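Novice: Let's see this in three dimensions:
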Amino acid sequence: MKPLTLWICLILFVTFVSGQTSENNLLRSSNGFISLTSDAPLEIISAKSNELRGIIDPVKYTFAFQVDIKTLKGFNSALQQEHFYENYMETDKYSNASFSGKIIEKIDFNTNGNYKIRAKGILDIHGVKQERIIKCEITVEDNLIKASSAFEVTLADHDISIPKLVYQKIAEVILVELSIELINMDAK
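Specialist: Numbering: from 1, shown residues only. Okay, the predicted model is just below:
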């Protein structure tokens, strides 16, 4: 499925899941930050992207986030980046990673403050869908919603194998950190 098509499907899913959500309530962003860090015994590898996309329905407490894997840059060399895309993430088959689901705690998206919440949903990486509960922090500042999180992803849980030749250079568990600012585009 093409990245744009998948993004449109995610928006439609979030918007029409209950049939009651108004398009005017949705909070959106297309330039969130996400980073991956592999801290292995012989090497630290990191990659970052400023193209994390997100949407939250503050009425239904649903969300969807997605990143195109090929927007992740950094790495320690061009060859390492190429191996990440082609050999580990197989971006020709699995071009995106996504997390979509429901916010567990009820918060008032109209009241300024900091909220610690849990997001329950499906984490889809490398074509393997896994139900997860991920802790997040949400800050409400007038019409701006800031969301951030740090969590770990075990490569084996998503059928990403590490060749014996490089097992000391790639961690089995990857740290994912993200931050994103979402706004109601229609409220401007």
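Novice: Tell me the secondary structure at the residue of the chain positioned farthest from its centre.
Specialist: The C-alpha centroid of the chain is most remote from residue 165, which lies 29.5 Å away (CA atoms, centre = their mean). Recorded secondary structure, residue 165: helix (DSSP: H, G, I helix; E, B strand; the rest coil).
Novice: so what's it up against?
Specialist: By CB atoms under 8 Å, 6 or more residues apart in numbering, no residues touch residue 165. Bear in mind the C-beta positions are built from the backbone N, C-alpha and C, glycine included.
Novice: Skipping adjacent residues, who's closest to residue 46 in space?
Specialist: residue 37 (4.7 Å; CB to CB, 6 or more residues apart in numbering).
Novice: wait, that neighbour sits on residue 43?
Specialist: No. Applying CB atoms under 8 Å, one finds residue 37 not in contact with residue 43, separated by 11.2 Å.
Novice: more crowded one of these two?
Specialist: In terms of neighbours (other CB atoms under 10 Å), residue 37 is the more surrounded of residue 37 and residue 43; the figures are 17 against 14.
Novice: list the helices and strands whichever strand or helix holds that one packs on?
Specialist: Remark: residue 37 resides in strand 27-39, with elements defined by DSSP states H and E. The contact analysis (3 or more CB pairs under 8 Å, 6 or more residues apart in numbering; DSSP states H and E) places strand 27-39 against strand 44-57, strand 173-183.
Novice: can you list those strands in CSV and add mean pLDDT and mean neighbour count?
Specialist: Below are the helices and strands packed on strand 27-39 laid out as CSV (pLDDT from 0 to 100; neighbours: other CB atoms under 10 Å):
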stretch, mean pLDDT, mean neighbour count
strand 44-57, 96, 19
strand 173-183, 96, 18
